[in-house]
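> how would this look folded up:
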Amino acid sequence: MHKPKNRLGQRMNDLATGSAADADVVLFVVDVGPRAAPEVRPDDAEALRAVPEGKPVVLVLNKIDRVAEKPKLLDVLPTYSALRDFAAVVPVSARKRDGTERLLGVIEGLLPEGEHLYPEDELSDRPVRFFVAELVREQVLLRTRQEVPHGVAVTVDAYEERKKLTHITVSVHVAKESHKGIVIGQGGKMLAAIGAAARERAERLIGQKVHLDVRVKTTPGWFDDAARLVDLGYGDQGGKPTRRGAGSARTTRIEP
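Numbers count the residues shown, from 1 in each chain. Got it, this is the predicted structure:
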């Protein structure tokens, strides 16, 4: 949860609160740090208030391996308990996997029994093209680090399965021309590396050779345009706005 600066930020907040409302159990994870200070950060308090009432919430105290005096963990509990009644409190160290098995047991005990929502052999309710786009986006974020903001969207423009080769065309959308240059890199080397790594993982996912055509588009203000957010997969699918034209988007194409 954060103070949104554009439509994308608001959409992310809506997805977060919607996910909390639909979930059977909510984990509220806080880092206790070396001193296990009892103060609650304002951002944490606001996020906790966003969880609907009546929803089982487990308070997870993370990074306990950094707390030298373990009894100090008890000082944290009254402060958080004053904000909400927790179904359980579980100290863990995610890095060292200390307490994670206990946490899974607590979650299991809070989950309601019910029918299977999907067949046992179904791995996901998303199509393959969704994961291809995510594989490309992952490589953009991993390789550009802090140079390009996380406001990067990837769309699949064409997906054609053939007998021995799958042809896929994707577009990487960035907000600024300078970001486009970073993604492409000198002589196209960055984009070629992004495409090669994403293609390798896509081939393992699909199970055959893939021809991946990666394009980079400068799409100014896409994160603040309701119609574009829908086109790029971030909009509200319940009431899709009228699709707008491509505007001034500029394209560079490189086939790794």
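> Ala45 looks like it's in a helix, true?
Yes. Per DSSP: H, G, I helix; E, B strand; the rest coil, Ala45 lies within a helix segment.
> Asp22: neighbouring residues, count only.
Using other Cβ atoms under 10 Å, Asp22 has 9 neighbouring residues. C-beta: built from backbone N, CA, C; applies to glycine.
> If you could redo that for Ala21, that was the one I meant.
So Ala21, with other Cβ under 10 Å, has 12 neighbours.
> if I pick it, what's in contact with it?
Going by Cβ atoms under 8 Å, 6 or more residues apart in numbering, Ala21 touches 52, 55.
> What separation do you get for it and Leu15?
Ala21 sits 11 Å away from Leu15, going by Cβ to Cβ, to the nearest Å.
> cool, and Ala82?
Relative to Leu15, and taking Cβ to Cβ, Ala82 is found at 28 Å.
> Which one's more surrounded, the two?
Legend: neighbour count by other Cβ under 10 Å for Ala82 and Leu15, higher for Leu15 (12 against 8).
> For my notes, confirm the more buried one occurs in a strand.
No. Under three-state DSSP, Leu15 falls outside any strand and is assigned helix.
> can you pull the pLDDT of it?
In this model, Leu15 is scored at 82, pLDDT.
> cool, and Val216?
At Val216, the model reports a pLDDT of 96.
> Show me what the helix or strand encompassing it packs onto, helices and strands only.
Using DSSP states H and E, Val216 falls within strand 209-218. Judged by 3 or more Cβ pairs under 8 Å, 6 or more residues apart in numbering; DSSP states H and E, the packing partners of strand 209-218 are helix 128-144, strand 165-174, helix 177-184, helix 189-206, strand 250-254.
> tell me the most buried of the ones you listed?
Stretch with highest mean neighbour count among those: strand 165-174 (a mean of 20; mean count of other Cβ atoms under 10 Å).
> by how many degrees do that strand and helix 189-206 diverge?
Using axes from the mean of the first three to the mean of the last three Cα atoms, to 10 degrees, the inter-axis angle of strand 165-174 relative to helix 189-206 is 130 degrees.
> Now the terminal residues of stretch 140-148, how far apart.
Across stretch 140-148, the terminal residues are separated by 9 Å (Cα to Cα, to the nearest Å).
> now the helices and strands packed on strand 209-218 as a markdown table including distance to Val58?
A markdown table is the format used below for the helices and strands packed on strand 209-218 (distance: least, Cβ to Cβ, whole Å):
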| stretch | distance to Val58 |
| --- | --- |
| helix 128-144 | 28 |
| strand 165-174 | 37 |
| helix 177-184 | 39 |
| helix 189-206 | 33 |
| strand 250-254 | 47 |
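> Of the ones you listed, which shows the lowest average pLDDT?
Among those, strand 250-254 scores lowest, at a mean of 42.
> Quick one: mean pLDDT for stretch 70-87?
For stretch 70-87, mean pLDDT rounds to 86.
> what residues does that stretch touch?
25, 28, 30, 32, 35-40, 45, 48-49, 51, 56-59, 61, 64, 67, 89, 91, 106, 110.
> repeat that with 7 Å
Contacting residues not belonging to stretch 70-87 are listed as 32, 36, 38-40, 45, 48, 56-59, 61, 64, 67, 89, 91, 110 [Cβ atoms under 7 Å, 6 or more residues apart in numbering].
> quick one: buried residues of it?
Buried residues in stretch 70-87, counted by 16 or more other Cβ atoms under 10 Å: 73, 76, 80, 84, 86-87.
> Repeat that for stretch 113-122.
So for stretch 113-122, nothing qualifies as buried (16+ other Cβ under 10 Å).
> what distance separates it from the centre of its chain?
Centroid separation for stretch 113-122 versus its chain: 24 Å, with Cα atoms, centre = their mean, to the nearest Å.
> Cool, thanks, talk later.
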